[in-house]
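In: got a predicted structure plus its sequence, pasted below:
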Amino acid sequence: MNTLNVKIDPRDGKLVMAHFYVAFIALAVGGLAGLLQTLVRSGKFVLPAGIGYYQILTVHGVVLGLVLTTFFIMGFQIAATSRTSGTLSNLQRKLGWIGFWLMTAGTLMAATMILLNKASVLYTFYAPLQAHFIYYLGLTLVVVGSWVDGAAVLGKYISWRKQNPGQPSPLITFMAVVNTMLWIVATIGVASTVLFQLLPWSLGIVDRVDVLVSRTLFWYFGHPLVYFWLLPAYMAWYVVIPKVIGAKIFSDSLARLSFILFLLFSIPVGFHHQLMEPGIDPAWKFLQVILTFLVVIPSLMTAFSLFATFESYGRSKGATGLFGWFKKLPWGDARFTVPFIGMLSFIPAGAGGLVNASHQLNQVIHNTIWVTGHFHLTLATAVVLTFFGITYWLVPHVTGRVLTKAMNKLAIYQGVLWAIGMTFMSGAMHAAGLLGAPRRSSFSEYGGAAQASEWIPYQIAQAVGGTILFIAIILMLYIFVNLAFFAPKGEEEFPIGEVSDKAEKTPMVFENWKLWLGITALLILFAYTIPFIDMIQNAPIGSKGYKLW
Amino acid sequence: MHMHKFEKIWLIFGIGTLLVFLTVLGVSAFYLGNQPPSCLATINPEKVDTTAPFNEPGLKKVEGKDWDYELVYVAQAFAYTPGEIEVPLGAKVKVIATTKDVIHGFQVAGTNINMMLEPGYISEYVTTFDKVGEYLILCNEYCGSGHHMMTSKIKVVE
């Protein structure tokens, strides 16, 4: 691999940092919105100046769920590709910048409409609630921008393959390519509903919208969206973490296989978000439930691979006994410890996810705050803490600075604080959800109902957790600013793990995109064609738009 | 492609568990009939008030069906009709609901009744009320500024 850069080219580094600035501004804004929500829901606090709870909620979802994640992921994937497959060409970098500015312009358009209270429709924007057309247009630009951004990664991958015929691509580049493909296939759904349904409808070109078709297209996108968030964390777990702790990657082939399985099984599964909906046949719901559960297989493979790496490392350092290796792990290194907390949170998060996707159990927790608790463990702990762990080395690597001992220590405190805050908040959300407390709802005593009064102590616990989390966010922002502008000059490593000598040669079949994208398309057609035709053939009259906020 | 022996054991155990799990879900759904609410019936959302059974919301005794009562709800921003209802203990009830405007939720807290109400569609669920008490109905899908005020009440009485 003659193109391997030990250090990212500064021109690519600048592009990466541009993405990260937006991502961390989003963290600040979205984190504040989250804090305010938990305070309102405790019943002890009222928003000032006529700001609406649902306005804040829209800010929180859009800014953290869509903006922070997409910008961070695009930046990280560009960095990983540039590091392992070589500096981007001028054209590829230009695509990256065009993508970045499109996404930024779209974000500003959507944000303006939310602040003007013309788009309090949450980040899922379910019709027939109708936002201002500029909101939909802004979100479209974010998606289109991400495609152009992704083209930089795909372009680099293609040129690497041309220069290295017959060779498997660098592992983390391969993973970035899988995630970019996943993203493009998935966003076709949301782009379709926005471009063909919601935009013409909000502009008044058409009167009515088919609600079920719009929701189905949204959830065709909505579930792979969560894997789009998760796979970059897996990239760090598979490729970066082994190098950080001084171990080898357990198996290159199995890592690629698990990524391919995620590509196949994360898309044809959107119905498990629609199990409680009247317009979809239960047999088709069940089929997609089965496909949903197939991601259990790559998840188990990932868990095995990670802990195999940890254990073999500990044993190579002389650990004995069943769990002796655990003590040998570098707990003092934030680049390891913070993502590790994220990995741990994925255990209860995954278990909760099994409940959510179950055909019948879903009925108990659907749209309760249990679901909010669930994705604050997956996205807002496992994924986000891994992103923070990446930030600790990637930002100084790019800015030519170092993570000092003091910052490393602060970073560990930050991770621990996050875990404590999230235990309170997510734990209370899970518990209240089982008792029936709904998600996405402002504080309410529900006409003095006895059942609703049982939820209030949990809501106070959520506010306590939310406050601790907000302190952790401030610490994170402080560390980010330090690493970007103030930390001492020096060389910070971009850790890329090497494959264990015992691992076998990687088969080339993984690079056969015709095969994998072909199977992906077949699975999607299998899971969606007939129910989608049913929806259109049996559609009721469409809905006019409502502005009820 | 080589796989470590322990990984094989781990995956065989994991996939085996998954198969058992999916079988349980499948038997429950298709043999015991525990399907999520999927009525597949449609309605004109602008003519709900004049379409049976939604022209007469409330509890109605029925004969010759698998259930004893039909409990009909109409949802609109930000209320359910009826706002309060009494159901006799042990009654087997088919809950039938729809919405006149945007998407609403229909959740009876502390029970398994939980369904989406979408404009143009009718949602149904059959259940037995076998515990005395007051049950809160609430909207669990965001529908606008009064979303959290949208409630109704079921009193199960002897």
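Out: That came through fine.

In: how confident was the prediction at the residue nearest to the spatial centre of chain A?
Out: Closest to where the C-alpha atoms of chain A average out (C-alpha atoms, centre = their mean) is A:W229, at 2.2 Å. Note on A:W229: pLDDT of 97.

In: can you spell out which helices and strands pack onto the strand or helix carrying it?
Out: Assessed by DSSP states H and E, A:W229 sits inside helix A:211-235. Contacts defined by 3 or more C-beta pairs under 8 Å, 6 or more residues apart in numbering or on different chains; DSSP states H and E place helix A:211-235 against helix A:69-85, helix A:171-192, helix A:252-265, helix A:384-399, helix A:513-537. Placement of C-beta: from N, CA and C, glycine included.

In: which parts of it are buried?
Out: A:211-235 (16 or more other C-beta atoms under 10 Å in any protein chain shown).

In: dump the helices and strands packed on helix A:211-235 into TSV; add mean neighbour count and mean pLDDT as well.
Out: What follows is these, written out as TSV (neighbours: other C-beta atoms under 10 Å in any protein chain shown; pLDDT from 0 to 100):
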stretch	mean neighbour count	mean pLDDT
helix A:69-85	26	97
helix A:171-192	23	97
helix A:252-265	23	94
helix A:384-399	25	97
helix A:513-537	15	95
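
In: which stretch among these comes nearest chain B?
Out: helix A:252-265 (4.8 Å; C-beta to the nearest C-beta).

In: and that closest one, anywhere near chain B?
Out: Yes - using C-beta under 8 Å from any C-beta of the partner chain, helix A:252-265 reaches chain B at A:S253, A:L254, A:L257.

In: tell me the helix or strand right after that helix.
Out: Heading C-terminal from helix A:252-265, the first helix or strand you meet, by DSSP H and E, is helix A:282-293.

In: packing partners of the helix or strand that that following helix is followed by?
Out: Counting by DSSP H and E, the next helix or strand C-terminal to helix A:282-293 is helix A:296-316. Judged by 3+ C-beta pairs under 8 Å, 6+ apart, the packing partners of helix A:296-316 are helix A:241-245, helix A:252-265, helix A:325-328, helix A:334-357, helix B:5-26.

In: with distance to B:V95 added, can I get the ones you listed in JSON lines?
Out: Compiled in JSON lines, the helices and strands packed on helix A:296-316 are given as follows (distance: least, C-beta to C-beta, whole Å):
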{"stretch": "helix A:241-245", "distance to B:V95": "50"}
{"stretch": "helix A:252-265", "distance to B:V95": "34"}
{"stretch": "helix A:325-328", "distance to B:V95": "52"}
{"stretch": "helix A:334-357", "distance to B:V95": "23"}
{"stretch": "helix B:5-26", "distance to B:V95": "23"}
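
In: just the terminal-to-terminal distance for stretch B:103-122.
Out: End-to-end distance of stretch B:103-122 (C-alpha to C-alpha, to the nearest Å): 12 Å.

In: buried stuff in that stretch?
Out: Using 16+ other C-beta under 10 Å as the test for burial, stretch B:103-122 gives B:103-111, B:113-122.

In: ok, how many other residues are close to B:A29?
Out: 19 (other C-beta atoms under 10 Å in any protein chain shown).

In: sorry, wrong one. I was asking about A:Q167.
Out: So A:Q167, with other C-beta under 10 Å, has 13 neighbours.

In: make sure it is indeed in a strand.
Out: No - counting by DSSP: H, G, I helix; E, B strand; the rest coil, A:Q167 falls outside a strand, being coil.

In: off-centre distance for stretch A:110-130?
Out: The gap between where stretch A:110-130 is centred and where its chain is centred comes out at 21 Å by C-alpha atoms, centre = their mean, to the nearest Å.

In: ok and the helix holding A:W229 relative to helix A:282-293, angle-wise?
Out: Counting by axes from the mean of the first three to the mean of the last three C-alpha atoms, to 10 degrees, helix A:211-235 lies at 10 degrees to helix A:282-293.

In: chain center to helix A:211-235, what's the gap?
Out: Centroid separation between helix A:211-235 and its chain, computed with C-alpha atoms, centre = their mean, is 9 Å.

In: related to what we said a few turns ago, and the gap between the residue nearest to the centre of chain A and A:N367?
Out: 21 Å (C-beta to C-beta, to the nearest Å).

In: contacts only, for residue 143.
Out: Picked chain A for this. Neighbouring residues of A:V143 by C-beta atoms under 8 Å, 6 or more residues apart in numbering or on different chains: A:G106, A:T187, A:V190, A:A191, A:V194.

In: can you look at chain B instead?
Out: Counting by C-beta under 8 Å, 6+ apart, the residues that B:C143 touches are A:L129, A:L548, B:A77, B:F78, B:D101, B:V102, B:I103, B:H104, B:M150.

In: go on, A:T216?
Out: Each residue near A:T216 by C-beta under 8 Å, 6+ apart is listed here: A:G270, A:Q274, A:I280, A:Y528, A:P531, A:F532, A:M535.

In: chain B next: which of the residues you listed are close?
Out: Near chain B, by the rule C-beta under 8 Å from any C-beta, you find A:Q274, A:I280 out of the contacts of A:T216.

In: got a list of contacts for the helix or strand harbouring B:M115?
Out: Using DSSP H and E, B:M115 maps to strand B:114-117. Strand B:114-117 is contacted by residues A:274, A:276-278, A:363-364, A:366-367, B:37, B:75, B:97-99, B:103-108, B:123, B:125, B:140-141 when judged by C-beta under 8 Å, 6+ apart.

In: show me those residues that map onto strands.
Out: Judged by DSSP state E, the subset of the contacts of strand B:114-117 located in strands is B:A75, B:A97, B:T98, B:T99, B:H104, B:G105, B:F106, B:Q107, B:V108, B:S123, B:Y125.

In: so which of those residues is the closest to chain A?
Out: B:S123 (4.3 Å).

In: need the contact list for that closest one.
Out: A:P278, B:P37, B:C39, B:I96, B:A97, B:T98, B:F106, B:M115, B:M116, B:L117.

In: run through the bridge partners of it.
Out: Here B:S123 sits in beta bridges with B:A97, going by DSSP bridges.

In: just the pLDDT at it, thanks.
Out: On pLDDT, B:S123 comes in at 96.

In: again with the one 3 residues further on
Out: At B:V126, the predicted lDDT confidence score is 94.

In: what about it, neighbour count?
Out: Number of residues near B:V126 (other C-beta under 10 Å) recorded here: 16.

In: now do the host helix or strand of A:I468 and helix A:334-357, the angle between them.
Out: Element membership of A:I468, judged by DSSP H and E, is helix A:456-481. Orientation note: helix A:456-481 sits at an angle of 140 degrees relative to helix A:334-357 (the same axes, to 10 degrees).

In: who in the stretch 401-549 of chain A is up against chain B?
Out: Contact residues (C-beta under 8 Å from any C-beta) of the stretch 401-549 of chain A with chain B: A:435-444, A:446-447, A:449-452, A:503-504, A:507, A:538-543, A:546, A:548-549.
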